[in-house]
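*Asks:* Here's a sequence, model it:
(2 chains)
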Amino acid sequence: MSSHDERLSAVKKDYLVNLAKKGKRLDGRGPDEYRPITIEKHLIKNAEGSAKVTIGNTMVMAGVKLDVGEPYPDTPEEGAMTTSAELPPIASPTFETGPPREDAIELARVVDRGIRESKFIKLDQLCITPGEEVWIVFIDLHVLDYDGNLFDACSLAASAALQDAIIPGERLGKGENRPLPLGSPPISCTFAKYADFIVVDPRLEEDEVAEARHTIALDENGDLRAMQKGLTGSFTVEEIKNNIKRAQIHAKNIRKLLEE
Amino acid sequence: MLIKDGIRMDGRKPDELRPIKIEAGVLHRAQGSCYLEWGGNRVMAAVYGPREAIPRHIQHPLKAVINARYNMVPFSVSDRKRPGPDRRSVEISKVTSEALEHVVFTGLFPRTMIDVCIEVLGAEAGTRCAGLTAAAVALADAGIPMRDLPVACAAGKIDGTVVLDLAGDEDCEGEADMPIAIAPRTEEILLMQMDGHMTYQEFEEALELALKGCREVSKLQKEALLRKYETKNEVAP
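*Replies:* Next up is the predicted model:
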């Protein structure tokens, strides 16, 4: 980041901090308000499942592909999943080409953990021949427009694309096509903290000034399945607890969007 | 059998395009953008710049550098593609950059680069034409001064018949494919590639068809740009 960006960021931060002192946000939202969310499924013919999710101006496309591969030695009767994220230069003037860097890797791994730990994909039903052949589920997240909160947008897009996905038995000569066996999706809620103010669903400017970030993935009972605290700032124990309680309320509403 | 009694597998006549939908200005961060559906192709294009050319050694003292990057996302094709550039996409990026550079008034922005991102989200034959067509709309949407709005379309040969705009199986099993891009006002050729086998006569026929296709797509590009401003007027206070 150049010194010019840092100065700009300091000015921006002052402005956001002054608003925060009055309990206000840049776009007039309260600290506990999400931007509008849209989910569109089944957009890409060659993908086994696909979905486009927008949260405000943030736009993410998720695609699911399946392939036949070898199981891991310790789980010979289970399929496998992998999640990758790309932050391509189409989505922001600050994104660059090249292999995924730490930001993209963290993003992919947090999304992966939510899905894996909630047992959303029933991997035990993805065995073809024990110890030899299983289905491998590839989840690819492609960010198209970055206006903050990629964690929630990517998590939601991944879940929606999985809901849309089929097992392509016919294409790969492994029996009939059938829906991907799924449980209940994880719902991810992300908070950003700046100047002792904690907001849900940070937009770009809030992401940029954030000192700490907290992502929480919840299952259908509101139980925790994955969490990630990011950035250099800190949260108090009270703040963490409070974030989780706030997330439980948000998750219920967001879950309804996935069930539609 | 790809064509029977003059009708193709998807019901099209030899000189018919697949359905095309173009939308300008769909992304928030980019200076200009375009979403395009062309048959089974789904393409998002965006423009950033002119901005300082980095690394420095690519700067040109007298003009802007056009840096188009064609990228297929892993789930765009039937067998998952490994993320990142391969030799094919490097080549397509290069010919697309060169085609676009011809129409942009690059002399107005010395030492800068104009980045054109082309993301192929879904692929079904003819992605480079879809990508270039979308990139042109994104450049116009970004307000980049251009002498023309480039447009691309392919023609080829299936079962011995010259046809416009090859789709899916026609591309895999056809005998020839020839994508072109033109500056529609002068009909100069900005890009031309060909593979397969065509006689000279078939080539002439294919070129004529591709030009006809380009003219039709060009209309849709302009309509998409106009539509963006129409909606803007309606929501203005």
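*Asks:* what residues does the stretch 151-260 of chain A put near chain B?
*Replies:* For the stretch 151-260 of chain A, the residues in contact with chain B (Cβ under 8 Å from any Cβ of the partner chain) are A:Arg171. Every C-beta, even on glycine, is put in place using the N, C-alpha and C of the backbone.
*Asks:* all strands of the stretch 151-260 of chain A, in order?
*Replies:* A:166-167, A:178-179, A:187-194, A:197-200, A:212-218, A:224-230 (DSSP state E, counting those that start in this stretch).
*Asks:* So which bits of the stretch 1-150 of chain A are right by chain B?
*Replies:* A:43-48, A:50, A:57, A:59, A:61, A:63-65, A:67, A:84, A:86, A:88-93, A:97-100, A:138, A:140, A:142, A:144-147.
*Asks:* Could you list which of those belong to strands?
*Replies:* In strands, judged by DSSP state E, the following of the residues of the stretch 1-150 of chain A next to chain B are found: A:50, A:59, A:61, A:63-65, A:67, A:84, A:86, A:138, A:140, A:142, A:144-145.
*Asks:* In the stretch 151-260 of chain A, which residue sits closest to chain B?
*Replies:* A:Arg171 (7.0 Å; Cβ to the nearest Cβ).
*Asks:* Kindly report the same for chain A.
*Replies:* In chain A, the residue that lies nearest chain B is A:Gly63 (2.5 Å; Cβ to the nearest Cβ).
*Asks:* Is that residue bridged to anything, and to what?
*Replies:* A:Ser50, A:Asp140 (DSSP bridges).
*Asks:* Tell me who's in contact with it.
*Replies:* Residues near A:Gly63 by Cβ atoms under 8 Å, 6 or more residues apart in numbering or on different chains: A:44, A:47, A:49-50, A:139-140, A:142, A:161, B:73-76, B:121.
*Asks:* Next: A:Ala80.
*Replies:* Contacts of A:Ala80 by Cβ under 8 Å, 6+ apart are A:Gly69, A:Pro71, A:Tyr72, A:Leu123, A:Leu126, A:Val134, A:Trp135, A:Ile136, A:Val137.
*Asks:* With A:Leu26 instead?
*Replies:* By Cβ under 8 Å, 6+ apart, the contact set of A:Leu26 is A:Tyr15, A:Leu16, A:Leu19, A:Arg203, A:Glu205, A:Glu206.
*Asks:* and if you look at B:Ala135?
*Replies:* B:Ala135 neighbours (Cβ under 8 Å, 6+ apart): B:Cys34, B:Ala45, B:Val47, B:Ala68, B:Thr96, B:Leu100, B:Val116, B:Ile118.
*Asks:* Now tabulate these in CSV and tack on neighbour count.
*Replies:* Converted to CSV, the contacts of B:Ala135 look like this (neighbours: other Cβ atoms under 10 Å in any protein chain shown):
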residue, neighbour count
B:Cys34, 31
B:Ala45, 31
B:Val47, 29
B:Ala68, 25
B:Thr96, 27
B:Leu100, 26
B:Val116, 32
B:Ile118, 28
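*Asks:* any chance of these in CSV, plus secondary structure?
*Replies:* As requested, the contacts of B:Ala135 are exported to CSV (DSSP: H, G, I helix; E, B strand; the rest coil):
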residue, secondary structure
B:Cys34, strand
B:Ala45, strand
B:Val47, strand
B:Ala68, strand
B:Thr96, helix
B:Leu100, helix
B:Val116, strand
B:Ile118, strand
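*Asks:* wait, which of these is closest to A:Ile167?
*Replies:* B:Ile118 (31.0 Å; Cβ to Cβ).
*Asks:* Pretty sure the closest one sits against B:Asn71.
*Replies:* Yes. Counting by Cβ atoms under 8 Å, B:Ile118 touches B:Asn71, with 6.7 Å between them.
*Asks:* B:Tyr200: neighbouring residues, count only.
*Replies:* 7 (other Cβ atoms under 10 Å in any protein chain shown).
*Asks:* now A:Ala85
*Replies:* 27.
*Asks:* Next, work out how far apart it and B:Cys117 are.
*Replies:* Separation of A:Ala85 from B:Cys117 (Cβ to Cβ, to the nearest Å): 17 Å.
*Asks:* Equivalent analysis for A:Thr236, please.
*Replies:* From A:Thr236 to B:Cys117 the distance is 41 Å (Cβ to Cβ).
*Asks:* More neighbours: those two, which one.
*Replies:* Ranked by neighbour count (other Cβ under 10 Å), A:Thr236 and B:Cys117 place B:Cys117 first, with 27 against 10.
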